[in-house]
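Chemist: I would like the atomic coordinates for the input below:
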Amino acid sequence: MRIRAITGFFFIIVMLGSLLLDHYVFGAFYLLLSSYCLWEFYGLIKKAGFKPNLTTGLLNGAFIYVVFALVTYPGNNDYHKLLFLLPVTLSTIFIQELFTKNAAPFTNIAYTYLGLIFTIIPFTFFHALAYVGGTFNFHYPMAFLLMLWANDTGAYLVGSKLGKTKLFERHSPKKTWEGLIGGILITALAAWGISQYFADVALAHWIWIGVIISCFGTTGDLIESMFKRSIDVKDSGGILPGHGGLLDRFDGLLIAAPIAYAYLYFIVNL
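Modeler: Next comes the predicted model:
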């Protein structure tokens, strides 16, 4: 627990620091994080006996992230034209498989694409949270992270003390309905605290975003647990002592970030 706490403390400092320093630092930092998550995903798939196109997948992942980052930057620009290059670069995943001698080429292709959808795309939405209002604003991604951590903390504390009713036992035996409800309540409290400092949206919207993060963050956690159980792996990696891999730490972001962005964009109309 001591190692876990120390690692978590410094990792949080680094993550929040990337938001506060500069928007280029923010973009570059989460490009590295998303690429490493994709690398961990492909590593897990390899342990299951499949052969995703590692290099081609990583290059495409970085390109997807950079293109969408450029598109979301404020100001009138022609970066959106780069979106039409994505079909060209993504086709290399199919083409590369022509030159390999694998028994299941389309399985490898499918897992390569799945990695991009499962890891890179959610991080592009998280990055876009900082620009959803038209200019760079670290309030939204910072609030997202604070509520995501509040949910994890609340679910763990309430679940460990009061948890009795299993949520999805076959995927995650320790998760309970009581923990889920506790996470939602603690996240709502965090949303109230955030609204006292970040007045970008009304309190009701912050609370709804918190509920989204709690529900879909837990869903992302369950999905990654389902994935790891399907290939009989406990942790996605060991880069974070006491925590496992980066994919383990960001599983809640994978589903919640796109939905939180959609709420701000379509419901709040930012």
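
Chemist: can you give me the helices in this structure?
Modeler: 2-21, 23-47, 54-72, 86-98, 105-115, 121-129, 139-162, 177-197, 203-230, 246-249, 251-262 (DSSP state H).

Chemist: Could you list the residues in contact with stretch 34-45?
Modeler: Here stretch 34-45 makes contact (C-beta atoms under 8 Å, 6 or more residues apart in numbering) with 52, 54, 57-58, 61-62, 65, 111-112, 115-116, 118-120, 123-124, 227-228, 231, 233, 236-237, 239, 245-247, 250. (Each C-beta comes from the backbone N, C-alpha and C, glycine too.)

Chemist: nearest to residue 78, of the helices of the chain?
Modeler: helix 54-72 (9.7 Å; C-beta to C-beta).

Chemist: What mean pLDDT does the closest one get?
Modeler: The pLDDT scores in helix 54-72 average 95.

Chemist: before we move on, what about stretch 163-181?
Modeler: Mean predicted confidence for stretch 163-181 is 90.

Chemist: got it, and stretch 131-141?
Modeler: For stretch 131-141, mean pLDDT rounds to 93.

Chemist: Next, the buried residues of that stretch.
Modeler: 131-133, 136-141 (16 or more other C-beta atoms under 10 Å).

Chemist: just stretch 69-78 next, same as before
Modeler: 69, 71-72.

Chemist: And that stretch, how far out from the chain middle?
Modeler: Its chain's average C-alpha position is 22 Å from that of stretch 69-78, according to C-alpha atoms, centre = their mean, to the nearest Å.

Chemist: Straight-line length of it, end to end?
Modeler: One end of stretch 69-78 sits 13 Å from the other (C-alpha to C-alpha, to the nearest Å).

Chemist: same check, this time on stretch 10-30
Modeler: 16 Å.

Chemist: Outside of that stretch itself, list whatever touches it.
Modeler: Residues from elsewhere that reach stretch 10-30 (C-beta under 8 Å, 6+ apart): 65, 69, 123, 126-127, 130, 136, 138, 141-142, 145, 149, 240, 243, 249.

Chemist: buried stuff in it?
Modeler: Buried, per 16+ other C-beta under 10 Å, within stretch 10-30: 15, 18-19, 23, 26-27, 29-30.

Chemist: pretty sure residue 73 contacts residue 128?
Modeler: No - counting by C-beta atoms under 8 Å, residue 73 stays clear of residue 128, with 10.1 Å between them.

Chemist: The top strand by length along the chain packs against which elements?
Modeler: The longest strand of the chain (DSSP state E) is strand 172-176. Judged by 3 or more C-beta pairs under 8 Å, 6 or more residues apart in numbering; DSSP states H and E, strand 172-176 is in contact with helix 139-162, strand 166-168, helix 203-230.

Chemist: Of those, give the one that comes closest to residue 189.
Modeler: helix 139-162 (7.4 Å).

Chemist: packing partners for that closest one?
Modeler: So helix 139-162, by 3+ C-beta pairs under 8 Å, 6+ apart, packs with helix 2-21, helix 121-129, strand 172-176, helix 177-197, helix 203-230, helix 251-262.

Chemist: Format the buried residues of stretch 69-78 as JSON lines; extra columns: distance to residue 82.
Modeler: Formatted as JSON lines, the buried residues of stretch 69-78 follow (distance: C-beta to C-beta, whole Å):
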{"residue": "69", "distance to residue 82": "10"}
{"residue": "71", "distance to residue 82": "7"}
{"residue": "72", "distance to residue 82": "12"}
